[in-house]
Each structure stands twice: as structure tokens, then as C-alpha cells.
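S.K.: from the sequence below, what's the structure:
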Amino acid sequence: MNRQEIAARIDHTVLGPTTTFEDVERVLREADTHGMNVCIPPCYLTEATEHDATPDTIATVVGFPHGQSSMGTKRDEAVNAWDDGADEIDLVINVGRLKAGEDDAVAAELAEVVAAVPVPVKVIIETALLTDAEKRRACEAAVDADADMVKTSTGFADGGATVPDVTLMSEYLPVKASGGVGSYEEAMAMFDAGAERIGASSGVAIVEGAPE
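M.R.: Numbers count the residues shown, from 1 in each chain. Below is the predicted model of the structure:
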């Protein structure tokens, strides 16, 4: 892949707890310059969609970062985000319910959000907290909910995207590899493992490290 092709598959991300609109504005400009997407906090969607540097795809997060909001809260968050201009939703599963074996509840919650918005929903399964068997069950819940993609992590748990996890998850749905991907070489390893998208705060470094 050349730089343009790689850039189109990167969600240039800023989601830290101290994120300001100045941070978001920087990411918007960098994404606009290099042809990337962005993933930003929902509180800045309105300003982002009105900014003079607006990427083609603006993603935001729901139930972030721990996934413990109620089903109704997640649904309303997603609807509000869509109303404010989000093109895609990255939704965190309820890891505790999954670990407790409440797979039907996990799938029902995901389906509630997917049905509530007319935009793609990526399900964040937080792989660092799960066994391989649990990762498979999480992916199955995402499939049952008719989600569009599965995503490795929020970036707020210990550990991020790994090649084995991307390989496993890609058996079920397209994968967004997120968490700890900071270079062109690391991004290519994820693409080679089956990732369709990369989520990274180092989007510029990844693109600039790619062949032209």
C-alpha cells in the first residue's frame, strides 16, 4: 500500500481525559493534510464538523472507556453523537457482563445501539482483559448485533492491539486494530494479520513512514 491508501485506513485519534478542542483541531488538520479519518471525543463533534479542516470520516466513542453505562445511556449517547455529526460510532462492550457469561445481555445492548443509528458501529472488545475464548464470544455478540466492525481496545487498559488478536477477530468481522500501533511497520503487521482499519494517535508517523 502507498501512503494515500494507508492514510484512508487510519483513524487518527485523540481521546485522552485532558483532551482540549485545541488538541482536536490539531488532529483534524493533520488528518485533513494526510487524508486520514479521525476519532475524537463526542463533546467536540459539533465544533469539529464546523471546522474548516474536516476529514471525510469523523468517528467518536460511546460507553468510553469502561463500557459500564446502561443500555439506554449508550443508545442515547450514540444517537446524540450521530445528531452532532459523527460518521461512525466506536462502542465499548460491557466487559463485566461478558466475563460473567451474560452473552445475551451483551449482544442485546450492542444491537440496541446498532439499531438506533444509521452509521457504522465498531464494537470495542478490550482484548487485553479477555481470554481467547472470551474474545470469540465478544466477537460472536458483535456479529449477532449486526455490528460493522470489531475493535481491539480503548487504549486505556494494559496492552493494545496484537497480531494474534487481530487474526482471531478477523474470523468474525472487519477489524480495527487500536492501541499501541505507533509506526508504519507496526501498522503493516496489523494489516497483514487482517486489520481493515488502524486507530492510532500516531497517524502522522505511520503515514509518513509509508512509501509514497
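
S.K.: low-confidence ranges in the chain?
M.R.: The model of the chain has no residue with pLDDT under 70.

S.K.: what ranges do the strands span in it?
M.R.: 10-13, 37-40, 58-62, 88-92, 121-124, 149-151, 175-178, 195-200 (DSSP state E).

S.K.: redo these as CSV? Include distance to residue 112.
M.R.: To be clear about C-beta, it is placed using only N, CA and C from the backbone, and glycine gets the same treatment. Shown next, in CSV, are the strands of the chain (distance: least, CB to CB, whole Å):
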stretch, distance to residue 112
strand 10-13, 24
strand 37-40, 22
strand 58-62, 11
strand 88-92, 10
strand 121-124, 11
strand 149-151, 17
strand 175-178, 21
strand 195-200, 23
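
S.K.: highest average neighbour count across the ones you listed?
M.R.: The highest mean neighbour count among the strands of the chain, using mean count of other CB atoms under 10 Å, belongs to strand 175-178: a mean of 29.

S.K.: one step back: for residue 100, which of the strands of the chain is the nearest?
M.R.: Across the strands of the chain, residue 100 has its closest neighbour in strand 88-92 (16.3 Å, CB to CB).

S.K.: point to the residue nearest the middle of this structure.
M.R.: Nearest to the geometric centre of the chain sits residue 90, at 4.5 Å (CA atoms, centre = their mean).

S.K.: of the strands of the chain, which is nearest residue 68?
M.R.: Among the strands of the chain, the nearest to residue 68 by CB to CB is strand 88-92 (8.5 Å).

S.K.: quick check, distance from that closest one to the centre of its chain.
M.R.: Mean-position distance between strand 88-92 and its chain equals 6 Å (CA atoms, centre = their mean, to the nearest Å).

S.K.: can you list the residues that contact that strand?
M.R.: 37, 39, 57-67, 74, 78, 81-82, 110, 113, 117, 119-124, 126, 147, 151, 154, 176, 199 (CB atoms under 8 Å, 6 or more residues apart in numbering).

S.K.: gap between residue 35 and residue 72?
M.R.: Distance, residue 35 to residue 72, using CB to CB, to the nearest Å: 37 Å.

S.K.: between those two, who's got more neighbours?
M.R.: Set side by side, residue 35 and residue 72 show more neighbours around residue 35, with 16 against 10, by other CB atoms under 10 Å.

S.K.: give me every residue that touches that one.
M.R.: 4, 7-8, 207 are the contacts of residue 35 under CB under 8 Å, 6+ apart.

S.K.: please redo it, this time with the cut-off set to 6 Å
M.R.: Applying CB atoms under 6 Å, 6 or more residues apart in numbering to residue 35 gives the contacts 4, 7-8.

S.K.: now residue 10
M.R.: 36, 198, 203.

S.K.: which strand residues bridge the closest residue to the last one other than its chain neighbours?
M.R.: Nearest-residue entry for residue 203: residue 12, 3.4 Å, with adjacent residues in sequence omitted and distances by CB to CB, 6 or more residues apart in numbering. With DSSP bridges as the criterion, residue 12 is bridged to residue 38, residue 200.
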